[in-house]
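In: Whatever this is, show me its structure:
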Amino acid sequence: MYADEAVFRRTAAGQREMLIQSAPLSPHARRFLAVVNGHTALRPLLDLGFGSEPMRQHIEQLVERGLIALCTEDDLVSVFPSSRF
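Out: Take a look at the predicted model:
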């Protein structure tokens, strides 16, 4: 599915969802949406303590709903301009 090094960002819809909370999301999916920041890799986010809940299904749900997206190399360079991949 997604590598531990994958970096996700909230989309505009994801940003709105954080404010309005209108989508029927599980508590785990909502919490993951809250910690996605566009520069922290997946593994450290998962290590924040989601218990034994298999998060991959929640992540896929967030991607399918357009609330989060994988960062592209251009996204990452714009956050860290001195980085080269």
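
In: Which stretches in this protein count as helices?
Out: Ranges of helices in the chain, per DSSP state H, are 12-20, 27-35, 42-46, 56-64, 73-79.

In: where are the low-confidence patches of this protein?
Out: Residue ranges of the chain with pLDDT under 70: 51-53, 74-85.

In: hmm, back to that, which one of the helices of the chain lies nearest to residue 4?
Out: Proximity to residue 4, assessed across the helices of the chain by CB to CB, is greatest for helix 42-46 (3.7 Å). C-beta coordinates here come from the backbone N, C-alpha and C atoms, glycine included.

In: Can I get that closest one as PDB, trimmed to CA atoms?
Out: The C-alpha trace of helix 42-46 is given here as PDB (Å, rounded to 0.1, in the frame of the first residue of the first chain):
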ATOM      1  CA  LEU A  42       4.000   7.900   7.600                       C
ATOM      2  CA  ARG A  43       5.900   5.700  10.100                       C
ATOM      3  CA  PRO A  44       6.500   8.400  12.700                       C
ATOM      4  CA  LEU A  45       2.800   9.400  12.400                       C
ATOM      5  CA  LEU A  46       1.700   5.900  13.100                       C
END
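
In: hmm, who's touching it?
Out: Helix 42-46 has contacts (CB atoms under 8 Å, 6 or more residues apart in numbering) with 2, 3, 4, 5, 6, 7, 8, 32, 35, 36, 55, 59.

In: So which of these is surrounded by the most neighbours?
Out: residue 8 (27 neighbours; other CB atoms under 10 Å).

In: Is it correct that it is in contact with residue 67?
Out: No: with contact defined as CB atoms under 8 Å, residue 8 and residue 67 do not form a contacting pair (9.7 Å).

In: Please consider this matter closed, and thank you.
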